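Asker: build me a structure from this.
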Amino acid sequence: MSTRLPVQPSDRFVGRRRALAAALGPRAALVFAGGLRGRNYPANSYPFRADSHFLYLCGAALTDAALLVHDGRCELFVVPAAEDDALWHGEIPSASEVCRTTGVDALRSIHELPAAIASAGGARAVATLPSLDPLTRARQAALLERRWPGGRFPGVDGLDAVDLELADAVIELRLRHDDGALEMIRRAIEGTAAAHLAGMAVTRPGLFEYEVRAAMERELIAREMECAYGSIVTVHGEILHATTHHNRLSNGDLLLADVGGEYQGWASDVTRTWPVGGAFSPTQRALYEIVLAANEAAIAMVRPGVRYRDVHLAAARVLASGLVDEGILRGDPDALVERGAHALLFPHGVGHLLGLDVHDMEDLGDRAGYARGRSRSEQFGLAYLRLDRDLTPGMVVTIEPGLYVVPAILADARLCEPFAQDGSFARERLTRFSDVRGIRIEDDVLCTPTEPVVLSSSIPKTVAAVEAAVARGRV
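Answerer: Residues are numbered from 1 along each chain as shown. Alright, predicted model coming up:
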């Protein structure tokens, strides 16, 4: 049993459900919260995290619950409390308290759900979205007579037309954040800022990565937050999604920390890179300044009507220009980017949507991230761009350019040889920068009707500010 009621006023959720109902017309929608999963036996479960679509519409984290939106009403179906629930889990919120805090019209037993589905038009008429939780997904499939593809979660592949209607309505609602959503994202970023400052302050040669990670995550826990994703705290910044934290920090290392807090389900996502010894070396500083310039150039483009793909390409051109200045790439920066030469050192997209998910709505695949008529490029690097929509006010995106010396890429003749043969990639010049493995600078940015707002601006990122933040921990 897991129950967490929302901290925001119920009218936030009532308004979102009304907007969803208006978009769907007479169509009924059924959204599931997901359930607990046992780690090795049922009572020893993984931490429960309710489905993001459910949280958006309801705000409450209720295990194995389902929300039915139909015919002007919103009903919440929950597992009835067991006789010994209070013994193990404490006092259970009353039905009236759940209705008051979520704004639903009624709280009903989950056992009544089949009859409610029948009265809403039957299993094939009720729209839903497959859960990431396999047990919940199997239950959905049985209740709603669906045959979804097996294996990994398929995004929207294989969804019925009625479910695609719901997916599109949810995407349209969640693309632009209302005031309540922005309030929660800002709260998450406040904790994240404290975490990064703590990480910089505690860093010194001789520590292990996990000790810095502990100092950072402590700041989140102290603010009643979780990590929005697995923390990346590593001296091997060339590993984009590093999952281990066992390396010892040495003088001369750069420490890359990609750590973001989650508050009431709402995420933040920030990366900073700082020198373990307290000061960037000349070569580290040179490449760091290139990444910072790309970060700032991309942020400046976060304005209404700008295509996010162009934001990515603008960052790539700044990176390519800086690499040409350092002799690592040779040629015209625009032409180098067009051919994808920059992707040898910047192989990922410049960012993604941010909201209830750290990669917001990626459970719906590219239907959420890509505008109609747009599809992923086949070019290495550009193929990993997660977002290709025109920006609109209310969107929150990450801006996270980086430079990485990835052995697997540099050893791949298929990727490198076209640029090595014509001299546009001078691999030997990289040896001058042997004290750089990976650098990433990531901010969370709100698109407004005018200027972009950097929600994570309180976290140091200039060379001087980063070095000062690291130095403060040594006073």
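Asker: pull the number of nearby residues for the nearest residue to residue 6 once chain neighbours are set aside.
Answerer: Closest residue to residue 6 in three dimensions, ignoring its sequence neighbours and counting by CB to CB, 6 or more residues apart in numbering: residue 59, at 3.1 Å. (C-beta placed from N, C-alpha, C; glycine too.) Look at residue 59: counted by other CB atoms under 10 Å, it has 26 neighbours.
Asker: can you check residue 33 too?
Answerer: Neighbours of residue 33 using other CB under 10 Å come to 27.
Asker: that one against residue 64, yeah?
Answerer: Yes: contact criterion CB atoms under 8 Å: residue 33 and residue 64 qualify, at 6.6 Å.
Asker: find residues that contact each of these two.
Answerer: residue 136 (CB atoms under 8 Å, 6 or more residues apart in numbering).
Asker: what helices and strands are in contact with the helix or strand encompassing residue 21?
Answerer: Applying DSSP states H and E as the criterion places residue 21 in helix 10-24. Of the remaining helices and strands, those touching helix 10-24 by 3 or more CB pairs under 8 Å, 6 or more residues apart in numbering; DSSP states H and E are helix 52-58, strand 66-70, helix 95-102, helix 161-175.
Asker: just checking: what are the partner strands of the shortest one?
Answerer: Taking DSSP bridges as the criterion, strand 66-70 forms sheet pairs with strand 29-32 (antiparallel), strand 73-78 (antiparallel).
Asker: what angle do that strand and helix 10-24 make?
Answerer: Interaxial angle of strand 66-70 relative to helix 10-24 (axes from the mean of the first three to the mean of the last three CA atoms, to 10 degrees): 60 degrees.
Asker: do the longest one as well
Answerer: Per the same axes, to 10 degrees, the angle that helix 161-175 makes with helix 10-24 is 140 degrees.
Asker: now do helix 161-175, average pLDDT.
Answerer: On average, the pLDDT along helix 161-175 is 97.
Asker: same question for it: list its buried residues.
Answerer: For helix 161-175, burial by neighbour count (16 or more other CB atoms under 10 Å) applies to 162-163, 165-171, 173-175.
Asker: and if you look at the third one?
Answerer: Burial within helix 95-102, assessed by neighbour count using 16+ other CB under 10 Å, is assigned to 98-99, 101-102.
Asker: tell me the domain ranges of this structure?
Answerer: As assigned by automatic domain parsing, the chain contains the domains 3-175, 179-472.
Asker: weakest of these in terms of mean pLDDT?
Answerer: Across the domains of the chain, the lowest-scoring stretch is domain 3-175, with a mean of 93.
Asker: chain center to that domain: distance?
Answerer: 21 Å (CA atoms, centre = their mean, to the nearest Å).
Asker: equivalent analysis for stretch 466-474, please.
Answerer: The answer for stretch 466-474 is 28 Å, by CA atoms, centre = their mean.
Asker: on that earlier part again, give me the angle between the helix holding residue 21 and helix 95-102.
Answerer: 70 degrees.
Asker: run through the residues that contact the residue nearest to residue 207 when sequence neighbours are not counted.
Answerer: Spatial nearest neighbour of residue 207, excluding adjacent residues (CB to CB, 6+ apart): residue 249 at 5.1 Å. Counting by CB under 8 Å, 6+ apart, residue 249 touches 203-209, 212, 235, 255, 276.
Asker: those residues in helices, which ones?
Answerer: 209, 212 (DSSP state H).
Asker: list buried residues within the contacts of residue 249.
Answerer: 203-204, 207, 209, 212, 235, 255, 276.
Asker: what is the burial count for residue 42?
Answerer: Neighbours of residue 42 using other CB under 10 Å come to 9.
Asker: residue 53 now?
Answerer: Counted with other CB under 10 Å, residues neighbouring residue 53 total 27.
Asker: surely it is in contact with residue 170?
Answerer: Yes: look at residue 53 against residue 170 with CB under 8 Å: they come within range, at 5.7 Å.
Asker: can you list residues touching both of these two?
Answerer: residue 129.
Asker: thinking again about what came up before, distance to residue 135 added to the helices and strands packed on helix 10-24, as JSON lines?
Answerer: Conversion of these to JSON lines gives the following (distance: least, CB to CB, whole Å):
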{"stretch": "helix 52-58", "distance to residue 135": "15"}
{"stretch": "strand 66-70", "distance to residue 135": "13"}
{"stretch": "helix 95-102", "distance to residue 135": "23"}
{"stretch": "helix 161-175", "distance to residue 135": "19"}
